[in-house]
Each structure stands twice: as C-alpha cells, then as structure tokens.
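Predicted model, plus sequence, below.
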Amino acid sequence: MVHLVDEGSQFDASLETIWKYLASPDDHGEAHSDHRNQQSKPLGENVVQVSWEQDVGGKPVKVVNRVTMLPPVGVAIEMLEGPLAGSKFFNFYTPKGAKTGVTIVGEFRSPMLPDTQIEAIVRQNFEHVFNQDTAALKKFASKK
C-alpha cells in the first residue's frame, strides 16, 4: 500500500462552478473521452457507482468506482475494480475566489502492480484527469 498526498493544483473556476460541473454527467462524463462504455448507477443520496473500460497496457480493462459527493468539501472515491482495486482517496476542494484549490489524499494498492510502481502510475493518472477536467471546465464555464 502506498500513501500519497498531491497538493498545490488549482482549477481556474470557482467552487460553485466545480460542483455544477461535477453534477453534470454530460459535461463531466464527456471530459474523460478515453473512458468507453461509461455507466453510472445511483447508490444513495450522494453516492454513485461509476464504471467504464479503458486501455491499460493496450488491453481494455474494466474500472468500477464508488463515488461519494460531499459538497462543498470534496469527493471520496473507492476503487472497487480495475488496476487499483482496493484503493481509497479523497479530493478536497478549497475555495480561492475565482479559483479552486485541489488536494488529493489517499491510500493506493494494486492487485496487479508492485508498490514500487504505484506512485508513478497514480500521479500520472492524476495529472491526466486534472488536464481533462481543466479543459472541460473552460468549455463548461463558457456556456454559463
């Protein structure tokens, strides 16, 4: 298991805009175009199970996450299936006027990767997802 803290990133959007974006499946879902066959199933008032397929090492792999939205503080994510199954992390959102700070804290494990490879893969994925969301947020904010 690998404990990670990733802090210092920020979105060029207010906290209110972030939550509106996250609540819009069309906008947020489309941001992650490398996810195929995306599905979402509500599990409770603020909890949803999301699944998709993505290429991992050139092979399609199913990923399933349980996501708990806790506005305005953040999002808790439990990775149920996929390369990082058993991992849990939290995205904290900090309002900074017209911007929003993002801090991610989590415990990561993998049934298929050694601990020595997990940190680099997780940080690379964080950057990839952050870049997708940054681009989608610009588009989302321009529609409002």
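Perfect, thanks for sending it. Numbering: from 1, shown residues only.

Of all the helices and strands in the protein, which has the lowest average confidence?
In the chain, the helix or strand scored least confidently by mean pLDDT, DSSP states H and E is helix 25-31, which has a mean of 66.

where does the residue lying closest to residue 17 once chain neighbours are set aside land in three-state SS?
In space, residue 17 comes closest to residue 141 once its chain neighbours are excluded; the distance is 5.8 Å by C-beta to C-beta, 6 or more residues apart in numbering. Using the backbone N, CA and C atoms, a C-beta is placed for each residue, glycine as well. Classification of residue 141 by DSSP: H, G, I helix; E, B strand; the rest coil places it in helix.

number of nearby residues for residue 141?
By other C-beta atoms under 10 Å, 15 other residues sit near residue 141.

distance of it from residue 13?
Going from residue 141 to residue 13 by C-beta to C-beta, to the nearest Å gives 6 Å.

low pLDDT regions in the chain?
27-36, 144 (pLDDT under 70).

in the longest strand seen in it, what's buried?
Counting residues, the longest strand found in the chain (DSSP state E) is strand 59-70. By neighbour count on 16 or more other C-beta atoms under 10 Å, the buried set for strand 59-70 is 63, 64, 65, 66, 67, 68.

What residues are bridge-paired with the first one?
Here residue 63 sits in beta bridges with residue 52, going by DSSP bridges.

Contacts made by the strand or helix carrying residue 93 with the rest, please.
Using DSSP states H and E, residue 93 maps to strand 88-96. For strand 88-96, the surrounding residues in contact (C-beta atoms under 8 Å, 6 or more residues apart in numbering) are 4, 10, 14-15, 18, 72-79, 100-108.

what about 6 Å?
Residues from elsewhere that reach strand 88-96, judged by C-beta atoms under 6 Å, 6 or more residues apart in numbering: 15, 74-78, 100-101, 103-107.
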